[in-house]
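# how would this look folded up:
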Amino acid sequence: MKDLVRLRTSLKEEIEIILNAQCKMEAEASNKYLAMASWLERNGYKQSSDYLYGQAEEERTHFLKIFKYINDVGGTAITPVIGEVTQEYSDLKSVFETALQSEIAVSLSINKIVAKCREVSDFATEEFIMWFVKEQREEEENARRALELFEVIDVNSSAGKFLLDKEIAKIGGKE
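This next block holds a predicted model:
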């Protein structure tokens, strides 16, 4: 039956596989951001937590966008099983260091999809995925900006932590 279905789509099997892997990565990113937001909220960083709750929703939207694309072009989108994510962080900065590492990993994965699309001449998927290339450039920039704030704001005081929490909420125009 799978072979018959495959005849009804131009989506190559190797592209379907890496798109499903990307779905899982985006869903995992959403869960990571939820855990980070929860930690921030529990530790008094309300505005930063709101920012990361928004990031969690954005990653979920990315997951669904790819998931639907797979089905829309005649592939089989697989609902990913998501493992455990880190729930505790040593400090505020470690949350945002983890966020940047995650965004870089997602960017590298998206780039691999583009490369594979070019390799197998899947121009429709390449065009679709280019939206994510631009999006990831913005996501990395926002994550780096959060870490830059630690360099310019003294986080060793309550006032500094308050200001940092407030400034993080402004990143990416999400205030």
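
# Helix or strand next in line after the helix or strand of the chain with the lowest mean pLDDT, which one?
None of the helices or strands of the chain scores lower by mean pLDDT, DSSP states H and E than helix 2-6, at a mean of 51. Proceeding N to C from helix 2-6, the next assigned helix or strand is helix 13-42, under DSSP states H and E.

# Give the buried residues for that following helix.
For helix 13-42, the neighbour count (16 or more other CB atoms under 10 Å) marks 15-16, 18-41 as buried. No exception for glycine: its C-beta is placed from N, CA and C like everyone else's.

# which helices and strands does it pack with?
Where contact means 3 or more CB pairs under 8 Å, 6 or more residues apart in numbering; DSSP states H and E, helix 13-42 is packed against helix 46-72, helix 92-119.

# Can I get those in CSV including mean neighbour count and mean pLDDT?
Shown next, in CSV, are these (neighbours: other CB atoms under 10 Å; pLDDT from 0 to 100):
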stretch, mean neighbour count, mean pLDDT
helix 46-72, 19, 97
helix 92-119, 17, 97
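
# In TSV, list those along with distance to Ile129.
Shown next, in TSV, are these (distance: least, CB to CB, whole Å):
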stretch	distance to Ile129
helix 46-72	8
helix 92-119	5
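
# Which stretch among those helices approaches Asp165 most closely?
Nearest of the helices and strands packed on helix 13-42 to Asp165, taken as CB to CB: helix 46-72 at 4.8 Å.

# Quick one: list the elements packing against the closest one.
Helix 46-72 sits against helix 13-42, helix 92-119, helix 123-152, helix 158-168, with contacts defined as 3+ CB pairs under 8 Å, 6+ apart.
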